[in-house]
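Peer 1: Sequence and predicted structure are below.
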Amino acid sequence: MEEEEEREREEEEEERESDDLDSEADEAGEEKEREREISVMETEKEALGDWQGMRSVSQLRKELLIPQVINKDSVYKPVERVERVFRKLLIPKKLQAALPFASKPKLLQPKNKNTYMSQRAVILEPKDRKKRSIIDRLNTITKEKREKKIKSGKERFEVKKRKLNEVKSKFEEVHKESKKRKYALDGVREREKKKRG
């Protein structure tokens with residue numbers, strides 16, 4: 001058994017040595033490629049000498065202080081669109097009669113607001129006046145109740161929020177310490193795994 005373990009150790013050492021040699025060879029190859037690239041760039045510079053390429057139009061304009069020519073057609077202008085007015089949809093009466101009720105066209109024209117009844121003051125009888133006043137009172141009562149309910153709900157929510165914040169602030173330090181312990185243990189476990197693996 002001891003002989004087998006020694007053989008395994010020797011094989012592992014040989015593999016490590018071969019891996020190290022391969023990585024050294026890769027690094028040496030990369031360095032040679034870099035040297036070749038540098039030498040090629042230097043030879044190109046020597047071959048070109050003082051040669052310069054042709055200057056662009058913008059470079060010439062800057063050097064000679066020539067302003068840019070502005071084409072009037074290229075300038076942005078505000079877009080003026082005429083609002084389109086569409087004709088009203090007219091459906092023949094025979095076709096309207098054949099359509100189901102849901103598909104029949106509704107009266108699209110608004111009613112004339114200046115009708116005879118709107119121009120006249122409506123004087124209610126005492127009986128009707130009492131009914132209307134009772135309904136108005138009921139409406140005001142329900143409105144007040146609704147507002148009161150909303151207000152009390154907001155107050156309850158604020159009280160609840162304050163209590164939650166107090167509880168959080170009490171236990172914040174405890175939670176911090178427990179988190180620190182947990183993360184420390186996690187870190188120790190990870191280190192142990194790395195050592196084993």
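Peer 2: Sure thing, it's come through.

Peer 1: Backbone dihedrals for the residue most central in space within the chain, please?
Peer 2: The chain has residue 161 as the residue nearest its centroid, 29.2 Å off, counting by CA atoms, centre = their mean. Per-residue torsions, residue 161: phi -60, psi -40 (degrees, to the nearest 10).

Peer 1: what separates stretch 139-157 from the chain centre, distance-wise?
Peer 2: 37 Å (CA atoms, centre = their mean, to the nearest Å).

Peer 1: ok, and for that stretch, which residues are buried?
Peer 2: Buried residues in stretch 139-157, counting neighbours by 16 or more other CB atoms under 10 Å, are absent. The C-beta positions use only the backbone N, C-alpha and C, and glycine is treated the same way.

Peer 1: For residue 55, which three-state class applies?
Peer 2: Here residue 55 takes the coil state, with states given by DSSP: H, G, I helix; E, B strand; the rest coil.

Peer 1: so what's it up against?
Peer 2: Counting by CB atoms under 8 Å, 6 or more residues apart in numbering, residue 55 touches residue 63.

Peer 1: For the protein, just list every one of the helices.
Peer 2: Applying DSSP state H to the chain gives helices spanning 2-48, 57-64, 93-98, 116-119, 126-196.
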